[in-house]
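# Structural data only, the sequence is not supplied:
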């Protein structure tokens, strides 16, 4: 595809009808801003953060008491800034503002389960459950945990808990017992919601034994509320302190919800780092910052509207679930899907998007890579005429992924590659409906986010690769880590490399179009001969070859230097011989540089990844060097690490 022109361009109609255009009009009326293009708007939003976020509050019609005080206190502190210090709001109240007979939730669990729920029905279910939680003694600040698949019951549990000021935290059923305890054990929940099982890959998976083990080792849990999913009536006889959901809410009738309005930075969610280099960090996010950031991203960047149908393939163990659910605050219909994205075939998510007329669809970059490898062509097989935006995150989307989308998925879709993370429950860089899409580039820096690239000395770079940083405070910064009273762990995680600057750990580059390219995690950057190389640069080349399904690169300490080692998972029937090894090396050398060419190429049967699908270079690097991997429970396939231990190919 040509790279001298964009892959997608907004029409005048797109621009005229974008939420962002209306937002600019409000900002001009309020503050007289001169923003004739996106770059000027972004610059105003970071230079005048108080004005910008105040307009976001008004434009997105936040439900709550704004207060008469300043928008920002101690704005020069990272960390330490305080947003809307006099405001009071309730997160759930904002997500439940729509209460009519429109469809709020559409759910599909593979081919085993399906349901629909209106906004009025959702409000009623949350009302009953909130009353039950209060009767069970749940107070503001208490933790409510959920070991649940991505089903409507999980959304209801979150909204009920947060409506009364409780702090919500979730793990998906693909976590084993120890993985759940490593997370929930740190935050001591009072109530545990748990489904009786789930469906995956055509199989029915019973998790009641796991639930019993988890509950037995969480002494803080006073009630285990079991949500039926794979059975009509799960057997609770082996579970202490357990009650079926229907019994738990039976005494209560639906009615108005007494939403408890709390300070802007009242704890809302506890999310967890992937934890492959130690115990998972418990990252605490505030209600106001999460709400305001998600409203901004959905409304101004995704262009989400009340009549949209919003689908993101995610589990409840990934921050994209929290991000998706906030779509209710825009009045949109959420499409929930639980199960394998490849059962009964790789087209199943597009079947769902077609059937339910999804207007916004989100998947991981790895999923798009896998579809391209399998030769799937939704453009030829599926009516995706309703889809206006396709979102991608989880890892960098390579330029060939952009090509695949526009050739084989939908030629006129707005492809929004995004990047941010669990740490900020949001995005640093993402899309915008008024900007073109350029091959291989994330469209823009997020409004209100003072994102740039630093070199090793902490100086801003206008070109070249360096560290992605944010130089000013923003509302969805964590309010802290759990069990970190003096904030030492929090400061160490993000502010140690460059004082008073958030260093995110992504190896990145700003583009001439005002966008960004991310080359992978900077802690996984390779450093042969002192030259820093992003792993995504290698993956992009290797994974274009039909013989290679997937790859992973590390730097191995060798002969007082670092050498690049490339692991490849090959297509069925393919073996790694000298011919293929030479082909891989030539592909890398021809399209990158001699420094990128691996010293060793090793075929492996599997590549380890986190439960959200990210490959784990650091864990593999530890295994290769004989170091322990501290938290195997964070991995979806921990057994794969054994494939990298004591490899003869790496001892010469």
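Noted; the coordinates are in hand. All figures in this text were calculated on a predicted structure; none of them were measured in a lab.
# Okay, now the unreliable bits of this structure?
Along the chain, segments meeting pLDDT under 70 span 1-3, 275-278.
# Longest helix in it, please.
helix 119-135 (DSSP state H).
# Contacts made by that one with the rest, please.
For helix 119-135, contacts defined as CB atoms under 8 Å, 6 or more residues apart in numbering pick out 92, 96, 98-105, 117, 144, 152, 155-157, 159-161, 163-164, 166, 191, 248-249, 251-257. Backbone N, C-alpha and C define where each C-beta goes, glycine included.
# Kindly recompute the last result at 6 Å.
If you take CB atoms under 6 Å, 6 or more residues apart in numbering as the criterion, helix 119-135 is touched by 96, 98-102, 104, 156, 159-160, 163-164, 248-249, 252, 254-255, 257.
# same question, stretch 472-480
Contacts of stretch 472-480 (CB under 6 Å, 6+ apart): 78, 81, 83, 265, 283-286, 289-290, 292-293, 424-426, 448-450, 490.
# Which of these fall within strands?
83, 283, 284, 285, 286, 426 (DSSP state E).
# of the residues you listed, buried ones?
83, 283, 284, 285, 286, 426 (16 or more other CB atoms under 10 Å).
# Give me the nearest residue to residue 83, chain neighbours excluded.
Nearest non-adjacent residue to residue 83, counting by CB to CB, 6 or more residues apart in numbering: residue 475, 4.7 Å away.
# Figure out the helix or strand that the one you found lives in.
Using DSSP states H and E, residue 475 is not contained in any helix or strand.
# ok, residue 194 to residue 244 distance?
As judged by CB to CB, to the nearest Å, residue 194 and residue 244 stand 11 Å apart.
# go on, residue 494?
From residue 494 to residue 244 the distance is 42 Å (CB to CB).
# neighbour count winner among those two?
With neighbours defined as other CB atoms under 10 Å, residue 494 and residue 244 compare such that residue 494 has more, 21 against 16.
# For the closest residue to that one other than its chain neighbours, which residues are in contact?
Distance criterion CB to CB, 6+ apart; nearest residue to residue 494, sequence neighbours excluded, is residue 502 at 5.1 Å. Residues in contact with residue 502 (CB under 6 Å, 6+ apart) are 78, 470, 494.
# can you map out the strands along the stretch 1-150 of the chain?
Taking DSSP state E, counting those that start in this stretch to define them, one finds strands in the stretch 1-150 of the chain at 64-65, 72-73, 82-83, 88-89, 103-109, 113-118, 143-147.
# Of those strands, flag the one that's most buried.
strand 143-147 (a mean of 26; mean count of other CB atoms under 10 Å).
# Identify the residues contacting stretch 488-500?
By CB under 6 Å, 6+ apart, stretch 488-500 touches 78, 458, 480, 481, 484, 502, 503.
# Most neighbours among those, which one?
Ranked by the number of neighbours (other CB under 10 Å), these place residue 502 first, at 25 neighbours.
# Name the SS class of the residue most central in space within the chain, please.
Nearest to the geometric centre of the chain sits residue 320, at 3.5 Å (CA atoms, centre = their mean). Look at residue 320: counting by DSSP: H, G, I helix; E, B strand; the rest coil, its state is helix.
# quick one, phi psi at the residue lying closest to residue 181 once chain neighbours are set aside?
Nearest non-adjacent residue to residue 181, counting by CB to CB, 6+ apart: residue 217, 5.7 Å away. Here is the backbone geometry of residue 217 (degrees, to the nearest 10): phi -110, psi 10.
# circling back to that earlier point, please produce JSON lines containing the contacts of stretch 488-500, extended by distance to residue 22 and secondary structure.
Output for the contacts of stretch 488-500, formatted as JSON lines (distance: CB to CB, whole Å; DSSP: H, G, I helix; E, B strand; the rest coil):
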{"residue": "78", "distance to residue 22": "31", "secondary structure": "coil"}
{"residue": "458", "distance to residue 22": "38", "secondary structure": "coil"}
{"residue": "480", "distance to residue 22": "35", "secondary structure": "strand"}
{"residue": "481", "distance to residue 22": "38", "secondary structure": "strand"}
{"residue": "484", "distance to residue 22": "41", "secondary structure": "coil"}
{"residue": "502", "distance to residue 22": "30", "secondary structure": "strand"}
{"residue": "503", "distance to residue 22": "35", "secondary structure": "strand"}
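# Format these as a markdown table; extra columns: distance to residue 396.
A markdown table is the format used below for those (distance: CB to CB, whole Å):
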| residue | distance to residue 396 |
| --- | --- |
| 78 | 26 |
| 458 | 24 |
| 480 | 29 |
| 481 | 27 |
| 484 | 30 |
| 502 | 20 |
| 503 | 18 |
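# Closest one of those to residue 464?
Nearest to residue 464 out of the contacts of stretch 488-500 is residue 458 (CB to CB; 14.5 Å).
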